[in-house]
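Engineer: My questions are about this predicted structure, shown below with the sequence.
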Amino acid sequence: MSAPSLLIVCGTVLLAGCVAVSPAGRYRTKGPASAATAAPTDLSAYRIGIGDRVRVDVFGEADLSIEAVVDGSGNISYPLLGIVPARFKTASELQYAITTGLAGGYLRDPDVRVTVVQYRPFYAIGQVKKPGAYPYVIGLTVEKALALAGGITDLASTRQIFLLREDATQSKKIKVGLDAVVLPGDTLVVEESMF
């Protein structure tokens, strides 16, 4: 084997054995498993929330195909039907509600599709360098969310990171690792270290 080839092989083996460390060098990228552990993000069961933008398409009915933002009351305004509750529904459930409404006297066998075209933001607060609201992107993890928020401060506890997640019945506070999934509307809380 030639010297350059041997160098490449040795370098690859050395890199494969390294432990990934965050830019701040204060914690490992793989945290403990949690209730929000990372997996491919499947948003088919995602519950629509205030601030989400949804698209409603009705085949053959251009006047009934709209985009709407879920308002502060959790509703969208839809032609012919007026106010339609959307909060805490999946896209499929909202699709069913609109289909049923249109079939109840307006259209015969309407073909309706509902998709979320823009998710509401997530929030980063506590011991992060740039607290605030950030646009949600599919595949977001705690580690990526912290990067968007400028990283953690020198006072941050890497063992006290929580997600506040709202669902149809309650808000949950979940202790998470860096590989945990962040969903739209989540609030990422980094607490101060006690030491």
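Structural biologist: Arrived safely.
Engineer: got any ranges where the protein has weak pLDDT?
Structural biologist: Residue ranges of the chain with pLDDT under 70: 1-41, 168, 195.
Engineer: Measure how buried P131 is and give me the count.
Structural biologist: Using other C-beta atoms under 10 Å, P131 is surrounded by 17 other residues. In this view, the C-beta of every residue, glycine as well, is placed from N, C-alpha and C.
Engineer: try V54
Structural biologist: Counted with other C-beta under 10 Å, the neighbours of V54 add up to 21.
Engineer: same thing with P135?
Structural biologist: Neighbours of P135 under the rule other C-beta under 10 Å: 12.
Engineer: what's the burial count for the closest residue to it other than its chain neighbours?
Structural biologist: Excluding its sequence neighbours, the residue lying closest to P135 (C-beta to C-beta, 6 or more residues apart in numbering) is P121, at 5.7 Å. P121 has 15 neighbours, counted by other C-beta under 10 Å.
Engineer: Check the gap between P121 and V137 for me.
Structural biologist: P121 sits 10 Å away from V137, going by C-beta to C-beta, to the nearest Å.
Engineer: hmm, back to that, quick one, what contacts the residue nearest to P135?
Structural biologist: Contact analysis of P121 by C-beta atoms under 8 Å, 6 or more residues apart in numbering lists G51, A133, Y134, P135, Y136, P184, G185.
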